[in-house]
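**Q** Just need the structure, nothing else, for what follows:
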Amino acid sequence: MAVNSSDFSTPPLPASPLPLSSTKENLTPFGSKIAELNESRSELLGRIQGLKQDLQSWRSKLDIQVKVYRDELSELKKSLNTEVDQLRSEFQELRTTLQQQQEDVTTSLRNLGLQDVSGDKKEGQETQDTVVEENGDKESNVSTKEFGTKEAES
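**A** You can find the predicted model right below:
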């Protein structure tokens, strides 16, 4: 089989090379585009730098504000604890005073109750003596004792 020159296609060679002026014209738009991109890049980097500074400033202000709030909360906590301790102390004093008053009232009531009981016993004995003298009967004597004792208990 014979190889035909038409089987291998090779592009035809240009008649003349491209002139230098046309390549410079083609490069000029790229150069201006690169200059614009560099300018945009610089502008964006400046904005990013400004945003970083703003963020750092906000963080700093926020840290200061948090510290101030923590200090205030700490002071409030100390104040609250002091007031709570004071209230506990006052309530303990009130409790002690109330217990003392309750003991005093209980003692007073016992003293009054003992006087009433001893007074009732004396009255019961007088009644008993009177009944025994009048009746001379032992059964009536026992019943008056029970009556006097019941009065003393109530």
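
**Q** ranges for the helices of this structure?
**A** According to DSSP state H, the chain carries its helices in the segments 20-135, 138-153.

**Q** For Asp104, grab the count of nearby residues.
**A** The criterion is other C-beta atoms under 10 Å. On that basis, Asp104 has 10 neighbouring residues. Backbone N, C-alpha and C define where each C-beta goes, glycine included.

**Q** repeat for Leu87
**A** Leu87 is surrounded by 10 other residues when neighbours are defined as other C-beta under 10 Å.

**Q** related to what we said a few turns ago, which stretch in the helices of the chain is the model least sure about?
**A** Comparing mean pLDDT across the helices of the chain, the weakest is helix 138-153, with a mean of 44.

**Q** Leu37: how many residues sit nearby?
**A** The local packing count at Leu37 equals 10, with neighbours defined by other C-beta under 10 Å.

**Q** With Glu103 as the reference, measure out to it.
**A** The spacing between Leu37 and Glu103, counted by C-beta to C-beta, to the nearest Å, is 95 Å.

**Q** quick one: Gln65 from Leu80, how far?
**A** In this structure, Gln65 and Leu80 are separated by 22 Å, where distance is defined by C-beta to C-beta.

**Q** I meant Gln49, not that one.
**A** Taking C-beta to C-beta as the measure, Gln49 and Leu80 are separated by 46 Å.

**Q** One more: Lys33?
**A** Applying C-beta to C-beta to Lys33 and Leu80 gives a distance of 68 Å.

**Q** Lys67 too?
**A** Between Lys67 and Leu80 the computed distance is 20 Å (C-beta to C-beta).

**Q** before we move on, what about Glu36?
**A** Between Glu36 and Leu80 the computed distance is 64 Å (C-beta to C-beta).

**Q** same question, Glu93
**A** The span separating Glu93 from Leu80 equals 20 Å under the rule C-beta to C-beta.

**Q** Render the CA-only coordinates of stretch 61-79 in CSV, please.
**A** C-alpha atoms of stretch 61-79 as CSV (Å, rounded to 0.1, in the frame of the first residue of the first chain):
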residue,chain,number,x,y,z
LYS,A,61,-14.5,46.5,73.8
LEU,A,62,-16.5,43.3,74.4
ASP,A,63,-13.8,41.9,76.7
ILE,A,64,-13.8,45.2,78.6
GLN,A,65,-17.6,45.1,78.9
VAL,A,66,-17.6,41.5,80.0
LYS,A,67,-14.9,42.3,82.7
VAL,A,68,-17.0,45.2,83.9
TYR,A,69,-20.1,43.1,84.1
ARG,A,70,-18.3,40.3,85.9
ASP,A,71,-16.9,42.8,88.4
GLU,A,72,-20.4,44.2,88.9
LEU,A,73,-21.9,40.7,89.4
SER,A,74,-19.1,39.9,91.8
GLU,A,75,-19.9,43.0,93.9
LEU,A,76,-23.6,42.2,93.7
LYS,A,77,-22.9,38.6,94.8
LYS,A,78,-20.8,39.8,97.8
SER,A,79,-23.5,42.3,98.7
